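Asker: Sequence plus predicted model, see below.
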Amino acid sequence: MSDEILSHREGGILTLTFNRLDKKNAITAAMYSTLAAALVGAAEDDAVRVVVLQGHEQVFTAGNDLADFLNNPPDMSKKDADPAPVVSYLEALRTFPKPLLASVAGPAVGIGTTMLLHCDLVYAADNAAFSLPFVNLGLCPEAGASLLLPALVGYPRAAEKLLLGEAFYAEEAVEMGVVNRILPPGEVNAYTQAQAAKLAAKPAASLRATKALMKMGQVGLQAIMGEELKLFGALLRGPAAKEAINAVMEKRKPDFKGM
Ligand code: COA
């Protein structure tokens, strides 16, 4: 396990911590590989009963590493044989059979927010800021957000978040149903661990069955995630994404004239 993803196992709870603070926990291909392997391993390991994803008090994750987007764009077409690490991570999230919890403080950008739609319980600090800036980056949603978000919050609200890409904060996230509860930044990880401990003490087969039954309603999720990745991969190589990502990295406004 790399030190950019910390892994800690205690009492049936596996906690995976984003730990690349100097880059606001932006996720690289190597980090996706580590996360995917950890989830696949946790799914198979009877000693792991619950998984928690967390960041630090000031940032959950700034989403996909932008330099990776420009210099090492994932090949979304290699789905079955040797998939891109981000694809493996998304698939591991979609199919994870045990309770998956997230503890979010500070910014949760892009996949930092969409991964939460695959979690069973999400607790957020009052400094949490969620954003889905895909369109602003010349991209489109991933992780099934184009299905899961409208299903959760209704089409108009999902369109507002996905088309405008403006940040939303903890209170609105609770009201939308993206987050279960708000806590102070210094308490959110401990509270999430306490909830995870309650789940770890429950009968694993019942938890698994209940989660599988609730997820049965997500008809078409796998197909839409495949379609999202196809479009995302194409847009990532297009002129708008190049301009937008360079603009973020150069701390300037993008110029989409003619695009
Ligand atoms: N990929 C790579 N590096 C990133 C990053 C990302 N997604 N997000 C932040 N960083 C880096 C910055 O380039 C900067 O690096 P430097 O110190 O070498 O210049 C460092 O992290 C600190 O970022 P900064 O923007 O100064 O921090 P902030 O506290 O002012 O803002 C964010 C934090 C997360 C709100 C802001 O960094 C941001 O919006 N990042 C881009 C998020 C994004 O667009 N992600 C892709 C989603 S699809």
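Answerer: That came through, no problem. Predicted, not measured: the structure shown is a model, and the values here were computed from it.

Asker: Send me the helix or strand encompassing Pro156 as PDB with only the CA atoms.
Answerer: Applying DSSP states H and E as the criterion places Pro156 in helix 155-159. Below are the C-alpha coordinates for helix 155-159, written out as PDB (Å, rounded to 0.1, in the frame of the first residue of the first chain):
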ATOM      1  CA  TYR A 155     -33.700  15.900 -12.300                       C
ATOM      2  CA  PRO A 156     -33.800  19.700 -11.900                       C
ATOM      3  CA  ARG A 157     -31.500  19.700  -8.900                       C
ATOM      4  CA  ALA A 158     -29.100  17.200 -10.500                       C
ATOM      5  CA  ALA A 159     -29.000  19.300 -13.700                       C
END
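
Asker: Now the protein against the ligand: closest residue?
Answerer: Proximity to the ligand, evaluated over the chain using C-beta to the nearest ligand atom, is greatest for Gly110 at 2.8 Å. Yep, even glycine has a C-beta here, placed from its N, CA and C like the rest.

Asker: burial measure for the spatially closest residue to that residue that is not a sequence neighbour, as a count.
Answerer: Closest residue in space to Gly110, ignoring its immediate chain neighbours: Gly63 at 3.1 Å, by C-beta to C-beta, 6 or more residues apart in numbering. By the criterion of other C-beta atoms under 10 Å, Gly63 has 25 neighbours.

Asker: Next: the one 4 residues further on.
Answerer: For Ala67, the neighbour count with other C-beta under 10 Å is 13.

Asker: count of residues packed around the nearest residue to Ser2 once chain neighbours are set aside?
Answerer: In space, and not counting its chain neighbours, Ser2 is closest to Thr34: 5.3 Å by C-beta to C-beta, 6+ apart. Using other C-beta under 10 Å, the number of residues around Thr34 comes to 22.

Asker: what residues are up against Pro239?
Answerer: Pro239 is in contact with 138, 259, counting by C-beta atoms under 8 Å, 6 or more residues apart in numbering.

Asker: ok, the helix or strand hosting Val52: who's next to it in the sheet?
Answerer: Under the criterion of DSSP H and E, Val52 resides in strand 50-54. Sheet pairing of strand 50-54 (DSSP bridges) gives strand 13-18 (parallel), strand 100-104 (parallel).

Asker: Near the ligand, which residues of the stretch 151-259 of the chain are found?
Answerer: Val248 (C-beta under 6 Å from any ligand atom).

Asker: Which parts of the stretch 151-259 of the chain are strands?
Answerer: For the stretch 151-259 of the chain, the strands defined by DSSP state E, counting those that start in this stretch occupy 168-169, 181-183.

Asker: Let me have those strands in CSV, extended by mean neighbour count and distance to Leu236.
Answerer: Output for the strands of the stretch 151-259 of the chain, formatted as CSV (neighbours: other C-beta atoms under 10 Å; distance: least, C-beta to C-beta, whole Å):
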stretch, mean neighbour count, distance to Leu236
strand 168-169, 18, 24
strand 181-183, 17, 34
